[in-house]
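> Quick check, what structure comes out for this input:
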Amino acid sequence: MKKKIVVTCLSVLFTSLTYAQDEVVMDDDSVQVDYSVQTDEGVQADAFDMPEGMLISEDELMKESANINTLSEGMGTSRVLSYDDSVLVSRLSRIPTTIEMPLNDVTRKFIDTYSTRMKSSVAIMLGAANFYNPIFEEALERYGLPLELRYLPVIESALRPSATSRAGAAGLWQFMISTGKRYGLEVNTLVDERRDPIKSSEAAAHYLSDLYDMFGDWSLAIAAYNCGEGNVQKAITRSGGQDGADFWSVYNRLPRETRGYVPAFIAATYIMNYYCEHGIVPHDATLPLESDTVVVAREVSFAQIASKCHVSVDELRAINPQYRKDIVPADYTLRLPAGSIEDFLLYEDSIYGGNAKGGLLASGTRRLITENVESTPVEQTPTTTTRNVYTNNKKSRSTRSTRTRKQQQTRNVSVKSGDTLSSIAKKNGTTVTKLRQLNGIKGDMIRPGQKVRVK
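Sure, this is the predicted structure:
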C-alpha cells in the first residue's frame, strides 16, 4: 500500500492557528508538555496532551531494573540537528510500512520534541530496544501485524516494564487490568503478567489484531488501543459515519490524550529509525546472559533465592518483572541466569526452608522447563540484527541430567488463549524442549486453537 505523505496543517483545524506550549507540573514532579491549538482570538481549541511515556525523565529510565546493569552511555557526541519539512517527508516515505505516516503541524511538534528535549531519553530507549524489540517482533509477526507497532511501547511506557500510569495501566504495553484479563494476563496480589514482556506482548498483538479487524484502519486501531474501541466508535459516529474514516477525520471528536497519541507514535517510529540524523548516540548494551526457567514447588522470595543462587535481587527483578512483591508463588515459573540453575536444584530444599519436596513430578523428574534464553541485549544499536532474548539455543546440562525418557501414547491438546509452551508443558508433565521436538516448533510461537502434541 503506497503511503500518503502530506505536508499540511490538519484540514479539521481552523486556519491561521498558532500553537502554545505550556508546562504543567504533575504530582510526581515530572513536567507535562501540553501542546494547545489556539485561534487568533486566543480561544483554546483542539488541545492535545503528550502520552505519559513521553513524560518519564532520563533519570527514571536509568533506574529501571533491566537498565541498571545492562546499559551504559554510548561513545560519540550528541548534538541537536533540525531539518525542514521536505527532508522529514522524504524520510517518513522511506519507512517500509503499511501504516500511514503523514507529516503535519502536530506530528512535526512531536518529532521536534523527541529530537531535542528528549534526545537523552531516546538514547536510553535505543539501548533498551535491543532487549525488547525481538520479543515485540515475534508477537507481532505471529499475528501478521506491521512490525512498526513495536514502537507503541516507546510512547506507552518508554520501554519500562515497571511503568504504571495515573489511570492504573501497567507494563510495557500499558494494559488496564480489565483489558489484560480479557487477553489472558493474570493479575493478583503477587503476580502482574501485564509486566511480563513475553505474555504482555502476545496480549498486545492479539488486541491490536482485533482492533484492526474492527476498524480496518491502522490509525484508528492505534487510537483505540489508547482510549478504547468505544470512544473511537463514538468519534466516528459523531463525525458522520464509518465510510472513509481515519484518525485525522475524527481528530476533534477524540479525547485529548488520544489526539496526541497517533502523532506521537508516528514521531517515535521516525526517531527510532532516524536517530543518527539527529545526532543521537544510543546507549550501549552489555553482552547477554543465558537463563533457564524452573517451576517452584513452594512460595519463595527473591531474597531466599538470591542467598543460595549467586544472583542479586536486582537481577531477579530485571528478568522476572511480573512478580510484584519479590515473591514467586507456588507452581509459578522463575527465570534464573543459567549459572544459577544448578545452584537452585542443589539447594532447593534449603531455599524453601527445608520442608519442600524438591519440586518433583510424579515421575521423579525435576520441574525444570528447558528454556535457554538471554536476559540482556546482544547488539550495541537497534540498527543491527538483534537476537531474541527469549530464544532457545541449546539444552542445559542440568536439564539433560534430570530428564527421564519414556515411551508414551500420542496425545494432543488444543491451545487456549493465554497458553504458553511453558504452561502446557507444566500441565502435561513434560518439557518445552520435548514439545518443540514433537511438534516441530521453533521458538515459542503457538496460536489459540492450534493442536499441540504432548505425548
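> rest of the way, CA atoms for contacts and neighbours
Will do.
> Could you pull out the helices in the stretch 51-200 of the chain for me?
Ranges of helices in the stretch 51-200 of the chain, per DSSP state H, counting those that start in this stretch, are 58-63, 65-68, 85-93, 105-115, 119-142, 152-157, 177-182, 197-215.
> buried set for the first one?
With burial defined by 16 or more other CA atoms under 10 Å, the residues of helix 58-63 counted as buried are 58, 61, 62.
> repeat for the shortest one
Applying a neighbour-count criterion of 16+ other CA under 10 Å, one finds 65, 66, 67 buried in helix 65-68.
> Over to the fifth one?
If you call a residue buried by 16+ other CA under 10 Å, then helix 119-142 has these buried ones: 119-140.
> where among the helices of the stretch 51-200 of the chain is the average confidence lowest?
Across these, helix 65-68 has the smallest mean pLDDT, namely a mean of 83.
> quick one: contacts of that helix?
61, 62, 128, 314, 315, 317, 318, 319, 376 (CA atoms under 8 Å, 6 or more residues apart in numbering).
> 10 Å - rerun?
61-62, 124-125, 127-128, 131, 159-162, 285-286, 313-321, 375-376 (CA atoms under 10 Å, 6 or more residues apart in numbering).
> Check the spacing between the closest residue to residue 225 other than its chain neighbours and residue 261 real quick.
In space, and not counting its chain neighbours, residue 225 is closest to residue 208: 7.0 Å by CA to CA, 6 or more residues apart in numbering. Applying CA to CA, to the nearest Å, the value for residue 208 to residue 261 is 15 Å.
> Looking at these two, which one has more neighbours?
Between residue 208 and residue 261, counted using other CA atoms under 10 Å, the more crowded position is residue 261 (28 against 20).
> Quick one: work out the angle between the helix or strand where the more buried one lies and helix 119-142.
Residue 261 belongs to helix 256-274 when assigned by DSSP states H and E. Angle of helix 256-274 versus helix 119-142, following axes from the mean of the first three to the mean of the last three CA atoms, to 10 degrees, is 90 degrees.
> Okay, now the sheet partners of the following helix or strand past helix 256-274, with direction.
Next in sequence after helix 256-274, counting helices and strands by DSSP H and E, comes strand 284-285. Partners of strand 284-285 in the sheet, by DSSP bridges, are strand 71-72 (antiparallel).
> how far is the partner strand from where the chain is centred?
Here strand 71-72 is found 19 Å from its chain centre; the criterion is CA atoms, centre = their mean, to the nearest Å.
> taking the mean pLDDT, what do you get for it?
86.
> do the same with stretch 265-285
Taken as a whole, stretch 265-285 has a mean pLDDT of 95.
> got the CA coordinates for it in PDB?
Output of stretch 265-285 as PDB, limited to C-alpha atoms (Å, rounded to 0.1, in the frame of the first residue of the first chain):
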ATOM      1  CA  PHE A 265       3.500   7.100  17.500                       C
ATOM      2  CA  ILE A 266       4.500   8.500  14.100                       C
ATOM      3  CA  ALA A 267       7.200  10.600  15.700                       C
ATOM      4  CA  ALA A 268       8.500   7.600  17.800                       C
ATOM      5  CA  THR A 269       8.700   5.500  14.600                       C
ATOM      6  CA  TYR A 270      10.600   8.300  12.900                       C
ATOM      7  CA  ILE A 271      13.100   8.900  15.700                       C
ATOM      8  CA  MET A 272      13.800   5.200  16.300                       C
ATOM      9  CA  ASN A 273      14.700   4.900  12.600                       C
ATOM     10  CA  TYR A 274      16.500   8.300  12.000                       C
ATOM     11  CA  TYR A 275      18.200   9.000  15.400                       C
ATOM     12  CA  CYS A 276      21.600   9.200  13.800                       C
ATOM     13  CA  GLU A 277      20.500  12.000  11.500                       C
ATOM     14  CA  HIS A 278      19.600  14.000  14.700                       C
ATOM     15  CA  GLY A 279      22.900  13.400  16.400                       C
ATOM     16  CA  ILE A 280      21.500  11.000  19.000                       C
ATOM     17  CA  VAL A 281      24.000   8.400  20.300                       C
ATOM     18  CA  PRO A 282      22.300   5.200  21.500                       C
ATOM     19  CA  HIS A 283      23.300   3.700  24.900                       C
ATOM     20  CA  ASP A 284      25.500   0.600  24.600                       C
ATOM     21  CA  ALA A 285      24.000  -2.700  25.700                       C
END
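> got the buried residues for that stretch?
265-275, 278-285.
> Likewise for stretch 339-356?
Buried residues in stretch 339-356, defined by neighbour count with 16+ other CA under 10 Å: 339, 340, 341, 342, 344, 345, 347, 348, 349, 351, 352.
> Go through those residues and flag which are in helices.
Under the assignment DSSP state H, the buried residues of stretch 339-356 contribute 339, 340, 341, 342, 344, 345, 348, 349, 351, 352 to helices.
> From residue 294, how far out is the fourth one?
This points to residue 342. For residue 342, the distance to residue 294 - CA to CA - is 11 Å.
> so how far is residue 441 from the nearest residue to residue 430 once chain neighbours are set aside?
Closest residue in space to residue 430, ignoring its immediate chain neighbours: residue 454 at 7.4 Å, by CA to CA, 6+ apart. Relative to residue 441, residue 454 is positioned 12 Å away (CA to CA).
> go on, residue 177?
Here residue 177 is placed at a distance of 31 Å from residue 441 (CA to CA).
> more neighbours, these two?
Between residue 177 and residue 441, residue 177 has the larger neighbour count (other CA under 10 Å), namely 19 against 16.
> Touching, that one and residue 194? I think so.
Yes. In this structure, residue 177 is within contact of residue 194 by CA atoms under 10 Å, at 8.1 Å.
> what touches both of the two?
Counting by CA under 10 Å, 6+ apart, the residues touching both residue 177 and residue 194 are 169, 170, 185, 186, 187.
> Which members of those residues are the farthest-apart pair?
The widest separation within the shared contacts of residue 177 and residue 194, taken as CA to CA, falls between 169 and 186 and amounts to 13.8 Å.
> Overlap of the contact sets of these two?
Residues touching both residue 169 and residue 186 by CA under 10 Å, 6+ apart: 177, 180, 194.
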